[in-house]
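> Everything below, folded, please.
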Amino acid sequence: MRRLAILVAIMAVVSGCGKINAGASPQPPPPSSYVARTTTTTPREAGPTSTPVSEPITSDGRLLWSLEALLRTTFGNSQPSSADNTDTGPTNPSNPPAASTSGDDVNFDCAGDQCLPLATYDPYSYTFANPTDSAFHLSARNYQKWSFGNYPEPVLINGRIVACDPQERTFLIRYADASSFTLACMAPVSRG
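This is a model prediction of the structure:
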């Protein structure tokens, strides 16, 4: 019984519930606008539930938050999709390809039921419940001759590049060689 009490006390300290303070300053609370959506399922539940999380958001999380807020601003509550630009696009003339079929960008160019066939369009599932206040904006600059290097691919919304800063010095990219949707803000290596 004593071991159980010690284990509970250790877990309380590790999880932040304990009163022990070894001189470390407390972490400030996360901004109230940053609420992550977690999905949990128990055997009794019929489906996933969304739960607010009060964890501080990482710098990678802020990039994703800003992208998702810009997608929500652009497409509303419809699920956005990006075209698979690695081939010549769909063969059905009634469903034209995305703005670019060069294979070196991610273009969120449609939303909802218009994004068919799924062999061409990749639906995007939001990570955050209600992202708002994006730090990004859509740029009107012609990016098509720019190079971001070997693996970075520009992220586009309706064929427009996403600028990370108001001065439009850095732009949102994803790393094509990553196994996940890894984002970064990067200045072009060359502007062709």
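> residues making contact with whichever strand or helix holds Asn107?
Asn107 is part of strand 106-111, with elements assigned from DSSP states H and E. Outside of strand 106-111, the residues within contact range by CB atoms under 8 Å, 6 or more residues apart in numbering are 71, 74-76, 78-83, 85, 98-100, 121, 124, 153-159, 174. Backbone N, C-alpha and C define where each C-beta goes, glycine included.
> Can you list the residue ranges for helices in the protein?
Counting by DSSP state H, the chain has helices at residues 2-14, 59-75.
> Can you flag the weakest of those by average pLDDT?
Mean pLDDT is lowest for helix 2-14 out of the helices of the chain, coming in at a mean of 49.
> hey, where'd the strands end up in this structure?
For the chain, applying DSSP state E gives strands covering 38-40, 49-51, 80-83, 106-111, 121-123, 137-138, 152-157, 160-163, 171-175, 183-186.
> ok, so what distance separates Ser125 from Gly76?
From Ser125 across to Gly76, the span is 16 Å (CB to CB, to the nearest Å).
> ugh, wrong one, I meant Phe171
In terms of CB to CB, Phe171 sits 24 Å off from Gly76.
> that older thread, which one of the strands of the chain lies closest to Thr58?
strand 183-186 (11.7 Å; CB to CB).
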